[in-house]
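Novice: my questions concern the predicted model and sequence given below.
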Amino acid sequence: MQVVLGGYYGKGNGGDEALLATTLQMLPDDVKALVLSGNPAQTRKMYGVASCDRFNGIQVLQALRQSKALILGGGSIMQDATSLRNPIYYGSLLGIAQGMGLKTIALAQGIGPLKHPLSNAIAKRALSRCTAISVRDGGSAELLSNWNISPLIAPDLVWGLEALPVKGLWDLPAPRVAVNLRSHPQLTPDRLACLTKALIHFQKATQTCILLVPFQASQDLALAQAIAPQLPGPNQIISLEDPRQLKGLFQGVEMAIGMRYHSLIMALAHECLAFAISYDPKVSQLMAQLQVPGWELAELPELPEQISQTWIEHYANGTSLNRPQIQSLIDRTQMHRDLLTATLLTT
């Protein structure tokens, strides 16, 4: 059986690539995947699967005709915070597949925000016609419940992603702290300067090696390159294409300061101390769910000394998730696998 996987794949975003890698890891052995990608050649090379251009209509239609199901990948893809094009594209993809008689599975979704009436209408119609739906958080489940849709609720897929070691990581000075910042309208030059000063104070106080970890080069790398020359101690920018290595990186760090949702999940999954800077409701929900300390980006303290002191105290006295908590989250991600298997293999 061939299935088509659709999502924000092949666009250089480490979190979305991690969702793809986990989905492929969860597919039944006798199911073959064809991935709709922004970079089909890279996707084929990295994962050893068939792939075609996600925006080539002829190729997408051909892929759907040759397949039994469409799996709409996990993450925050059905939302209009970044663009109205997201719900239009993914809603249309689901609608076409449903019109062709394919099974459609919306897997491990983080749905919303959907602020535009058109976004709501498209998402409601497409998702209500899905063969099966699972979501990763209570907020998404509540939104679907308002549409009289009852999804499976289970943790984000990336908790269950298999990690790979990072060559040369253990040669860097220890202890290590990973930092992930991404561009955002609320991350103003003043706030970036404040965070940079706070990192300088933090590094001087803790004598840690700072690893600046871009998850998406187009949005994260320039920030890392701006911060690195200002740090007084050992530091390195670490850019990794393979999401399994990206997760493996956190096996070798003591603490992570992260903006991106999946930077925090990867850190927490490896018993790291985690500190969040939230730019999005999904990050805030994760903070509340797992009691991860942090700030809303819009409410970031204005004094770098206040930020650094909070980080220092968390580094010295904070607590991470324990192994039973982590294992419970990993085990519960298998509910997504069970849903996939039951839906795909039921005639």
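Specialist: Cool, got the structure. Numbering: from 1, shown residues only.
Novice: the strand or helix carrying A106: what's the following helix or strand?
Specialist: Using DSSP states H and E, A106 sits in strand 103-109. Following strand 103-109 in sequence order, the next helix or strand is helix 117-128 (DSSP H and E).
Novice: tell me which residues in the longest helix seen in the chain are buried?
Specialist: Ranked by residue count under DSSP state H, the longest helix found in the chain is helix 323-345. When burial is assessed from 16 or more other CB atoms under 10 Å, helix 323-345 yields the following buried residues: 326, 329, 333, 336-337, 339-340, 343-344. Quick note: C-beta positions are derived from backbone N, CA and C, even for glycine.
Novice: distance to W295 and pLDDT added to these, as JSON lines?
Specialist: Shown next, in JSON lines, are the buried residues of helix 323-345 (distance: CB to CB, whole Å; pLDDT from 0 to 100):
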{"residue": "I326", "distance to W295": "24", "pLDDT": "98"}
{"residue": "L329", "distance to W295": "24", "pLDDT": "98"}
{"residue": "T333", "distance to W295": "28", "pLDDT": "97"}
{"residue": "H336", "distance to W295": "31", "pLDDT": "97"}
{"residue": "R337", "distance to W295": "35", "pLDDT": "97"}
{"residue": "L339", "distance to W295": "35", "pLDDT": "97"}
{"residue": "L340", "distance to W295": "37", "pLDDT": "96"}
{"residue": "T343", "distance to W295": "40", "pLDDT": "97"}
{"residue": "L344", "distance to W295": "42", "pLDDT": "96"}
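Novice: quick check: phi and psi on G75?
Specialist: phi 100, psi -180 (degrees, to the nearest 10).
Novice: what separation do you get for it and A108?
Specialist: Per CB to CB, to the nearest Å, G75 is found 7 Å from A108.
Novice: per-residue pLDDT, T347?
Specialist: With respect to pLDDT, T347 scores 67.
Novice: quick one: mean pLDDT over stretch 155-162.
Specialist: For stretch 155-162, the per-residue pLDDT averages 98.
Novice: returning to that earlier point: what's the strand holding A106 packed up against?
Specialist: strand 69-72, helix 85-99, strand 132-135, helix 323-345 (3 or more CB pairs under 8 Å, 6 or more residues apart in numbering; DSSP states H and E).
Novice: contacting residues around it?
Specialist: Applying CB atoms under 8 Å, 6 or more residues apart in numbering, the contact partners of strand 103-109 are 19, 23, 68-75, 77-78, 94, 97-98, 127, 129-136, 140, 151, 154, 156-157, 336, 339-340, 343-344.
Novice: buried ones among these?
Specialist: Applying 16+ other CB under 10 Å to those flags 19, 23, 69-75, 77-78, 94, 97-98, 127, 130-136, 140, 151, 154, 156-157, 336, 339-340, 343-344 as buried.
Novice: using a markdown table, lay out the buried residues of helix 323-345 together with distance to P304.
Specialist: Putting these into a markdown table (distance: CB to CB, whole Å) gives the following:
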| residue | distance to P304 |
| --- | --- |
| I326 | 32 |
| L329 | 34 |
| T333 | 38 |
| H336 | 41 |
| R337 | 44 |
| L339 | 46 |
| L340 | 46 |
| T343 | 50 |
| L344 | 52 |
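Novice: and I210, which of the three is it?
Specialist: strand (DSSP: H, G, I helix; E, B strand; the rest coil).
Novice: just the strands in the protein please.
Specialist: 2-6, 32-37, 50-53, 69-72, 103-109, 132-135, 152-153, 176-180, 209-212, 235-237, 255-258, 273-278, 294-296 (DSSP state E).
Novice: distance to T43 for those - can I get that in JSON lines?
Specialist: Shown next, in JSON lines, are these (distance: least, CB to CB, whole Å):
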{"stretch": "strand 2-6", "distance to T43": "10"}
{"stretch": "strand 32-37", "distance to T43": "4"}
{"stretch": "strand 50-53", "distance to T43": "4"}
{"stretch": "strand 69-72", "distance to T43": "15"}
{"stretch": "strand 103-109", "distance to T43": "17"}
{"stretch": "strand 132-135", "distance to T43": "23"}
{"stretch": "strand 152-153", "distance to T43": "27"}
{"stretch": "strand 176-180", "distance to T43": "23"}
{"stretch": "strand 209-212", "distance to T43": "26"}
{"stretch": "strand 235-237", "distance to T43": "24"}
{"stretch": "strand 255-258", "distance to T43": "25"}
{"stretch": "strand 273-278", "distance to T43": "29"}
{"stretch": "strand 294-296", "distance to T43": "33"}
